[in-house]
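> fold the following.
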Amino acid sequence: MYRFLLTPRWWGINLFVVLAIPFCVFMGTWQLGRFEDRVQSHEQAEKAPDPRTRDAKPLDELLPVDKVTSGRPATATGTYADQFLVPGRELEDRQGFYILNLLRTDSGKALPVVRGWLPGSATGARVPAAPEGEVTVTGDLQASENTHSDGVNVRGGLPSGQIGMISAATLVNLVPYDVYDAWVTLPEAEAGGTGGGMEPVPAAAPEGSGLDLKAFQNLGYTGEWFVFAAFVLFMWFRLVRREAEAERDIALGLVPEGAPAAAAPAAKGAGPDSDDAGPAQQDATAPEGTGPAQQDATAPEGTGPAQQDATAPEGTGPAQEDATAPASPEGTPQDAPEDPSAPDYGDVARTPVR
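All right, here's what the predicted structure looks like:
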């Protein structure tokens, strides 16, 4: 009954099922692993002490920035150089902008330092000046932003002196010196009151370390891939069952194999112009009021079938009479005109045969 599974058509279906199910299971397992990693990192971050409470270390000892060093206090010494504003940044549901200064270190590279946040628009804003001379800053270490970071402006078109993303890739095109692939945010206003009302920017948690929307997206993708695998298996069983039932019906004679092909000629020959018109169609085409009873009623009295055959000229049968008789407009034969030279057989017809 299941020999149809070895046909070329079913070989293709079976190959698709064999490849699709493991692929869906693999993708679902991978998405589940991503979700579990996020949960584990979130639990570790909750158990670990606040990075800001740990001792500060030199910047070079904490690079590169990862989930462990992100948020750790880092120290650097140098002089402030170029200044940029970072518009479109929120703090406690208020719109404002960051004040970013580049700290030139003894190594020649510059460290981006976010000195604080101010409300309002960055265009035309008056910003407190940075301290002059050599300074030592201690701030919470942050990784360079990317296009997926909150508040990043990737549209461009900002005025001169403004940037939409705090990253080395952005700043290296604006200054003539190298920039660290990290930045720090000052936890307190600058000493001496030069902050001018700036508010400190809190450090953000490293990406992928919490149960955010992306983590639950991974969980949703896990369910989708497993549902796809179950759907492929269900459809395969359904197709096999339907094919097996059809094969069984043919074997039992319930559905002849040639039934659809045999029914086609019969349907093709059925129509109003077919030669096989039935009696009902012939009766429908007959003139109205010309039935057998009326034909008998129009025959002369006393003339039966035998007498009519006897009086008919030799060699003239019903078929010949029908063929030679002209047709009337209504479709019935007309009476032929009498020939004066024809002999009168009326007396012979009335003479009894002995």
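> mind telling me what element Ala81 is part of?
strand 73-91 (DSSP states H and E).
> again with Val175
Using DSSP H and E, no helix or strand contains Val175.
> what do you get for Glu43?
helix 8-47.
> other SSEs contacting that helix?
helix 213-252 (3 or more Cβ pairs under 8 Å, 6 or more residues apart in numbering; DSSP states H and E). Backbone N, C-alpha and C define where each C-beta goes, glycine included.
> helices or strands next to the helix it packs on in the packing?
Short answer (3+ Cβ pairs under 8 Å, 6+ apart): helix 213-252 packs on helix 8-47.
> direction included, what does the helix or strand that comes right after the helix it packs on pair up with?
Per DSSP H and E, the first helix or strand lying C-terminal to helix 8-47 is strand 57-58. Strand 57-58 has the following sheet partners, assigned by DSSP bridges: strand 73-91 (parallel).
> before we move on, the earlier item: next, the angle helix 213-252 makes with the helix holding Glu43.
Angle of helix 8-47 versus helix 213-252, following axes from the mean of the first three to the mean of the last three Cα atoms, to 10 degrees, is 160 degrees.
> and helix 8-47, what's buried?
10, 13, 17, 20-21, 24, 27-28, 31-32, 34-35, 38, 41-42, 45 (16 or more other Cβ atoms under 10 Å).
> tell me the mean pLDDT for the helix or strand Asp140 falls within?
Assigned by DSSP H and E, Asp140 falls within strand 134-143. Computed over strand 134-143, the mean pLDDT rounds to 93.
> in its sheet, which strands sit next to it, and in what direction?
strand 73-91 (antiparallel), strand 182-185 (antiparallel).
> tell me the buried residues in it?
Val135, Val137, Gly139, Asp140, Leu141, Gln142, Ala143.
> where in the stretch 251-354 of the chain is pLDDT low?
255-354 (pLDDT under 70).
> name the SS class of Gly96, please.
Put simply, Gly96 is strand when judged by DSSP: H, G, I helix; E, B strand; the rest coil.
> from Gly71, how far off is it?
From Gly96 across to Gly71, the span is 22 Å (Cβ to Cβ, to the nearest Å).
> ditto for Val227
Val227 is 39 Å from Gly71, by Cβ to Cβ.
> same drill for those two, tell me which one is more crowded.
Gly71 (24 against 12; other Cβ atoms under 10 Å).
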